[in-house]
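[1] Predicted structure and sequence below. I'll ask about it afterward.
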Amino acid sequence: MSKPFDIGLERLIGQPSYSGVIRDAEAGQRGTFFLETFGCQMNDHDSEKVAGVLLSRGYRQVETPETAGLILYNTCSIREKAAQKVFSRLGEYRAKQSEGKIIGVLGCVAQQEGEEIFERAPWVSLVCGSASYRKLPEMIAQLEAGNQRVTGLDTDTEETFETEMTRRDDPWRAYLTIIEGCDKACSYCVVPYTRGPERSRPSDSILREVRKLAEHGYSEVQLLGQTVNSYADPTPRKLRFSELLLAVADVPGIRRVRFTTSHPSDFTRDIVEAIESQPKICDHVHLPVQSGSTTVLQAMQRTYTRAEYLEKIAMIRDAKRPIDITTDIIVGFPGETEADFEETLSLLEEVKYDSLFSFKYSPRPNTPSLAMKDAIAEEEKSRRLAILMEKQREIQTARNASLIGKTFEVLVSGKSRRENQWSGYTTSHRVVNFASQAKELLGTYVQVRATGATPNSLVGEHIV
Ligand code: SAM
Ligand code: SF4
């Protein structure tokens, strides 16, 4: 049996102490799998765990569906386009089942569409939502034993999806889910339906994993959750989210602690104080606002008003060290008037976000907003989105230009094809492209002085 490991496979190359583990896994080889992921960081990280489960049971991961016995799609259904992508991908593999391949759909579309996927794509034989991933190996075993169709669609679980082994794709930053599901009820969102109720992972298990990651050389961890700051430790220690951040930062070897996504209603002063007191906690907060209009926020069931959100922003801006703030915005929610949209634009002016993700409202099955009247026409949504993006571009251009001349610590995560060009992230998650004569920098922390700026990144030079 293979021993658990918790390290990106690419890091294993040239590390004989772990190559034995891979050989173990290959020796018990039961088949090959191809896994494609659509969607958010949570989905990406779920895929790392699914891959870990399969690798630890002797499966081997391959790069193409053609060479795989098991083809899996980990899907996203947050917006319609994402869900459609999965069905078009499934269409491409229609003929594959007759070649004896097992085709499976995981994640949010699986949870949302359930057994209807078998109707729409009869060549699919496995449908499994994220709350049932623990049962995945049993489900695959059932298929291998001759079952035609298997589903895992329960969401009434107390369990979080923890794995003995996670196949990590990023060799420097490790993602860790600390809370699964969501107990909020935003009227546009499928997550509470597709990922089930909130379940927090015990703090001792989180800290154990962080220590293991640090031993394997990871220096940055990113704590994940749909509402990461709603974390409620189920152990007798009952660590608050801010205490957990501090405890993770205390693990020897850890240099950066990130967290995403924070919900404004649960964003409390102690989180800011933790960032102030511990420089290892990254100075970046992703705080989705969704709209600048209180009327729209109420229709979205976002649990705060514009004024309350701005109080949270003021609290973050008052911190003893600067903290970057990013957000998510939806334009064209049903009933959003021109005046509501103007309020979103004025909020952008007021907060001056460092970056944002913007989306056109997409009506989703099983969500309360589906039944709302006063839908906004697609062209109008596109118009508003373009205006919003242009406004943010101006803000980012000015903001990044104001950073020229400053020096940042950068974790180097990319090497350009252009000679002596590297890239990485600051603690505030700003992308920096920089020049250096150094031979090898990947995975190291370096000082970079910003010499130029674009709307989305800084340009700089390595200070030796
Ligand atoms: N839990 C996070 C939060 O509360 O902000 C984010 C969840 S979701 C994966 C990421 C973003 O997708 C949301 O912040 C929202 O802006 C967007 N989103 C969710 N449902 C949407 C919908 N029906 N149409 C358009 N955008 C949507
Ligand atoms: Fe969806 Fe709202 Fe929960 Fe975020 S907080 S996952 S937007 S329901």
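    Yep, it's here. Ligands and ions are numbered 1, 2, ... in the order given.

[2] who in this protein is up against ligand 2?
    When proximity is defined by C-beta under 6 Å from any ligand atom, the chain lies next to ligand 2 at 182, 184, 186, 189, 191, 192, 226, 227, 263. The C-beta positions use only the backbone N, C-alpha and C, and glycine is treated the same way.

[3] would you list the residues you listed in a markdown table and tack on neighbour count, secondary structure and pLDDT?
    A markdown table is the format used below for these (neighbours: other C-beta atoms under 10 Å; DSSP: H, G, I helix; E, B strand; the rest coil; pLDDT from 0 to 100):
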| residue | neighbour count | secondary structure | pLDDT |
| --- | --- | --- | --- |
| 182 | 21 | coil | 95 |
| 184 | 17 | coil | 97 |
| 186 | 21 | coil | 98 |
| 189 | 22 | coil | 96 |
| 191 | 22 | helix | 92 |
| 192 | 19 | helix | 92 |
| 226 | 22 | coil | 95 |
| 227 | 21 | coil | 97 |
| 263 | 21 | coil | 98 |
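
[4] out of those residues, who's nearest residue 416?
    For residue 416, the closest of the residues of the chain next to ligand 2 turns out to be residue 226, at 34.0 Å, with distances computed as C-beta to C-beta.

[5] Tell me the residue of the stretch 201-350 of the chain that sits nearest ligand 2?
    Using C-beta to the nearest ligand atom, the closest approach of the stretch 201-350 of the chain to ligand 2 is made by residue 226 at 3.9 Å.

[6] Give me the nearest residue to that residue, chain neighbours excluded.
    Once its chain neighbours are removed from consideration, residue 226 has its nearest residue in residue 182; the separation is 4.3 Å (C-beta to C-beta, 6 or more residues apart in numbering).

[7] Any figure for the gap between that neighbour and residue 170?
    When C-beta to C-beta, to the nearest Å is applied, the distance between residue 182 and residue 170 equals 24 Å.

[8] quick one on the thing from earlier: pretty sure the residue of the stretch 201-350 of the chain closest to ligand 2 is touching residue 179, no?
    Yes: applying C-beta atoms under 8 Å as the test, residue 226 and residue 179 come out as touching, 7.4 Å apart.

[9] so the nearest residue to residue 193 once chain neighbours are set aside, which of the three states?
    Leaving out its chain neighbours, the residue that sits closest to residue 193 by C-beta to C-beta, 6+ apart is residue 366, at 4.9 Å. The local conformation at residue 366, judged by DSSP: H, G, I helix; E, B strand; the rest coil, is coil.

[10] And the next helix or strand past the helix or strand of the chain with the lowest mean pLDDT?
    The weakest-scoring helix or strand in the chain, judged by mean pLDDT, DSSP states H and E, is helix 16-27 (a mean of 30). Scanning forward in sequence from helix 16-27 by DSSP states H and E, the next helix or strand is strand 31-37.

[11] Residue numbers of this structure in contact with ligand 1?
    40, 78-79, 188-189, 191, 226-227, 261, 263, 288, 290, 328, 330, 359, 361-362, 364.

[12] Please repeat the previous calculation with a cut-off of 8 Å.
    Remark: the part of the chain in contact with ligand 1 comprises 39-40, 42, 76, 78-79, 182, 184, 186, 188-191, 226-227, 261, 263, 288, 290, 328-330, 357, 359-364, 367, 369, using C-beta under 8 Å from any ligand atom.

[13] Can you flag the buried ones in those?
    The neighbour count (16 or more other C-beta atoms under 10 Å) marks 39-40, 42, 76, 78-79, 182, 184, 186, 188-191, 226-227, 261, 263, 288, 290, 329-330, 359-362, 364, 367, 369 as buried among the residues of the chain next to ligand 1.

[14] Look up how far residue 109 lies from the nearest residue to residue 38 once chain neighbours are set aside.
    With sequence-adjacent residues excluded and distances taken as C-beta to C-beta, 6+ apart, residue 38 is closest to residue 76, at 4.7 Å. Counting by C-beta to C-beta, the gap between residue 76 and residue 109 amounts to 7 Å.

[15] shared neighbours of these two, anything?
    Jointly contacting residue 76 and residue 109 under the rule C-beta atoms under 8 Å, 6 or more residues apart in numbering are 83, 86.

[16] can you give me the helices for the stretch 51-200 of the chain?
    80-92, 108-113, 116-120, 136-144, 191-195 (DSSP state H, counting those that start in this stretch).

[17] quick one, phi/psi of residue 236?
    The phi and psi torsions at residue 236 (degrees, to the nearest 10) take the values phi -60, psi -20.

[18] how close does it get to residue 48?
    Here the criterion is C-beta to C-beta. By it, residue 236 lies 30 Å from residue 48.

[19] Which of these two has more residues huddled nearby?
    A side-by-side neighbour count of residue 236 and residue 48, using other C-beta atoms under 10 Å, places residue 48 first with 22 against 8.

[20] Having no further points to raise, I will conclude here.
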